[in-house]
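# Build the 3D model from these lines:
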Amino acid sequence: MRVEDVPILDSPKRAAIIRHAKNDVEAVDERMPLFKMRRSSFSRERMSSITTTSGARQGLIATSCSSLRVLVACEYSGTVRDAFNALGHEAMSCDLLPTESPGAHYQGNVRDVLDYPWDLIIAHPPCTHLSVSGARHFAAKQMDGRQQSAASFFMMFAKTDVPRVAIENPVCIMSSLWRKPDQIVQPWEHGHGETKATCLWLKGLPKIQPTKIVEGREARIHKMPPSPERWKERSKTYPGIAEAMAYAWGGIIETNKRVTTQ
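Okay, here's the model as predicted:
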């Protein structure tokens with residue numbers, strides 16, 4: 001199913017879904033006992049108000065339908081995980097660090113959970129040894145294998161059997177080592193007046209659409225002074241982009257699911 005084929009809900013149906021979403025979800029799905037849904041730190045009212053630049057609502061058929069099992073790999077902030085959980089999905093983040101936001105989170109090696117029957121994987125593999133912003137160090141990183149190891153970790157997500165995969169990274173060498181990204185998004189397309197090119201490699205997923213183009217093109221992340229926490233701030237997904245992912249991929253996948261089971 002193409003993006004343009006996804007029906008836009010009329011007001012009564014959308015209102016019913018929003019009312020349903022406002023209830024706390026406390027049930028534990030027997031397919032995955034790990035998940036115990038909580039009230040998301042995201043505002044569901046905010047999520048329901050997202051519009052495309054043309055003013056049309058993005059297709060949302062998620063909360064009242066069967067939920068998706070979503071793995072957000074290499075995320076400790078919980079930003080993308082919480083955006084999907086706000087729509088009623090079963091999203092779990094995974095990282096070597098503990099989560100900064102309470103919710104389903106596996107602290108450990110993502111390989112431990114990669115073979116679970118996920119419906120969707122959104123991966124944020126480390127970019128330290130891949131990003132072109134560090135090109136001056138490439139020779140040393142290639143000599144000791146750090147870059148090859150990082151590229152192999154990236155490709156682990158590309159080769160997974162999960163039918164729907166999104167891999168996020170800044171502009172990096174994977175464009176030449178593997179293939180060019182399907183999409184490059186900017187924070188200012190999603191309500192944040194900043195610039196930070198984010199590349200998305202997609203499998204079985206549509207491109208996300210701008211949800212709120214705003215003024216401002218500040219390179220805040222690029223200008224951050226050196227500090228022990230700088231890398232953590234640079235790695236976080238902007239909430240507006242996370243919400244756009246949840247709406248575009250959550251709603252459309254649910255529609256595809258229903259169509260294929262009829």
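# ok, Arg136 - contacts?
By Cβ atoms under 8 Å, 6 or more residues apart in numbering, the contact set of Arg136 is empty. Every residue, glycine included, has its C-beta placed from N, CA and C.
# Correction: the previous question concerned Met92.
34-35, 70-72, 81, 104-106, 113.
# What about those residues, which one has the most neighbours?
Counting neighbours by other Cβ atoms under 10 Å, Val72 leads the contacts of Met92 with 31 neighbours.
# out of all of them, which helix in this structure is the longest?
Counting residues, the longest helix found in the chain (DSSP state H) is helix 146-158.
# contact partners of that helix?
With contact meaning Cβ under 8 Å, 6+ apart, helix 146-158 is reached by 73, 111, 114, 121, 123, 125-130, 138, 141-142, 165, 167, 169, 173-174, 177-178, 201, 203.
# doesn't Ala219 make contact with Thr195?
Yes. With contact defined as Cβ atoms under 8 Å, Thr195 reaches Ala219; the gap is 5.1 Å.
# Which one's more surrounded, those two?
More crowded of Thr195 and Ala219, by other Cβ under 10 Å: Thr195, with 15 against 10.
# quick one, phi psi at that one?
The phi and psi values for Thr195, taken as degrees, to the nearest 10, are phi -110, psi 130.
# Quickly note the distance from Glu243 to Ser66.
21 Å (Cβ to Cβ, to the nearest Å).
# Repeat that for Val214.
35 Å.
# what's the neighbour count on Tyr116?
Here the number of neighbours of Tyr116 (other Cβ under 10 Å) works out to 15.
# now swap in Gly145 and tell me
11.
# Check Arg111 too.
Neighbours of Arg111 (other Cβ under 10 Å): 11.
# got the contact list for it?
Met156.
# tell me the secondary structure for it?
With DSSP: H, G, I helix; E, B strand; the rest coil as the basis, Arg111 sits in helix.
# pLDDT at it, what is it?
What the model reports as pLDDT for Arg111 is 98.
# what's the spacing between it and Ser152?
Separation of Arg111 from Ser152 (Cβ to Cβ): 12 Å.
# Repeat that for Leu97.
Distance from Leu97 to Ser152, by Cβ to Cβ: 21 Å.
# now swap in Ser175 and tell me
16 Å.
# Who has more neighbours out of these two?
Neighbour totals were compared for Ser175 and Ser152, and Ser175 leads with 15 against 11 (other Cβ under 10 Å).
# What does the pLDDT read for that one?
96.
# doesn't it fall inside a strand?
No. Secondary structure of Ser175 (three-state DSSP): helix, not part of a strand.
# from what I can see it touches Asn169, true?
No. Contact between Ser175 and Asn169 fails when scored by Cβ under 8 Å: they sit 9.4 Å apart.
# Mutual contacts of these two, please.
181, 199.
# burial measure for Pro163, as a count.
Considering only other Cβ under 10 Å, Pro163 is surrounded by 14 other residues.
# Look at it and give its secondary structure.
coil.
# re the thing from before, with neighbour numbers in mind, choose between Glu243 and Ser66.
More neighbours surround Glu243 than the other of Glu243 and Ser66, with 30 against 14 (other Cβ under 10 Å).
# From Glu90, how far off is Arg69?
Counting by Cβ to Cβ, the gap from Arg69 to Glu90 is 5 Å.
# neighbours around Trp118, how many?
Trp118: 24 surrounding residues under other Cβ under 10 Å.
# is it true that it touches Arg69?
Yes. Applying Cβ under 8 Å, one finds Trp118 in contact with Arg69, separated by 5.1 Å.
# quick one on the thing from earlier: can I get the longest helix of the chain in PDB? Just the C-alpha atoms.
Taking C-alpha atoms only, helix 146-158 is exported to PDB below (Å, rounded to 0.1, in the frame of the first residue of the first chain):
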ATOM      1  CA  ARG A 146      37.100   0.500  14.500                       C
ATOM      2  CA  GLN A 147      35.500   1.700  11.300                       C
ATOM      3  CA  GLN A 148      35.000  -1.800   9.900                       C
ATOM      4  CA  SER A 149      33.500  -2.900  13.100                       C
ATOM      5  CA  ALA A 150      31.100   0.100  13.100                       C
ATOM      6  CA  ALA A 151      30.100  -0.500   9.500                       C
ATOM      7  CA  SER A 152      29.500  -4.200  10.300                       C
ATOM      8  CA  PHE A 153      27.200  -3.300  13.200                       C
ATOM      9  CA  PHE A 154      25.300  -0.900  11.000                       C
ATOM     10  CA  MET A 155      24.800  -3.600   8.400                       C
ATOM     11  CA  MET A 156      23.500  -6.100  11.000                       C
ATOM     12  CA  PHE A 157      20.300  -4.100  11.000                       C
ATOM     13  CA  ALA A 158      20.200  -3.800   7.200                       C
END
